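Participant: Build me a model:
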Amino acid sequence: MRAGIGEAGFGIRKAVLARTVSCYQSRITNFQSRTMTDTIFGKIIRREIPATIVYEDDEVLGFQDIAPQAPVHVLFIPKQHAIPTLDDVPPEQALLVGQLAIAAAAYARAQGLAQDGYRIVMNCREHAGQTVFHIHLHLLAGAPLGRFGTP
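Facilitator: Residues are numbered from 1 along each chain as shown. Predicted coordinates for the structure are as follows:
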C-alpha cells in the first residue's frame, strides 16, 4: 500500500465512485424520460416519421443519413436505450456501444462494403459534430474516404 493511503482513502474512492454512478443513472433517467419523444431518432424508432431503414435487429436500428457525407452513410442507433452521448453510457450498458459496432460491421459485410473498407465514427457533443443527442454510430463507405480528420 502506498504511503498516505489507508482504509479511509479507499472508502473515499468508493464513495466518489458510487456518487459518480448515481449521477450517471440520474442523468440517464432524466434524459430517457424526455428523449424517446424529443429526438428525431425516437420518432424514427417508433415509425412516426419516415426513414430508409436498412438494418434492424432486436437492439439496433440502422437507417440512411438524410445528409450523407459519403456514397454510403448509415446511422446505427440503439432501439431501447436513449442515451445522449458516449460520455453518458453507464458501465453496466457498455455492451451497447459494441452492439452498434457489430451491427455496422454486419451491415458492411452484407452489402459488400467490408472488402474495400469502411469507417465507423461516433461523434460526442457539439464540437465533434453531434447534432442529435441520442447515441449513434455512423458508417461511411462506398468510395475512398481520405485521411480521417482532414477538413
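Participant: pLDDT below threshold where in this protein?
Facilitator: Across the chain, the ranges flagged by pLDDT under 70 are 1-37, 149-151.
Participant: Which parts of the chain are strands?
Facilitator: Assigned by DSSP state E, the strands in the chain fall at 53-56, 60-64, 72-78, 118-121, 137-141.
Participant: so which of those gets nearest residue 97?
Facilitator: Comparing the strands of the chain by their distance to residue 97 (C-beta to C-beta), the top pick is strand 137-141, with 8.0 Å. Every C-beta, even on glycine, is put in place using the N, C-alpha and C of the backbone.
Participant: what helices or strands is the closest one leaning on?
Facilitator: Counting contacts by 3 or more C-beta pairs under 8 Å, 6 or more residues apart in numbering; DSSP states H and E, strand 137-141 is packed against strand 72-78, helix 95-110, strand 118-121.
Participant: Centre of the chain to the second one, how far?
Facilitator: The chain centre lies 11 Å from the centre of helix 95-110; the measure is C-alpha atoms, centre = their mean, to the nearest Å.
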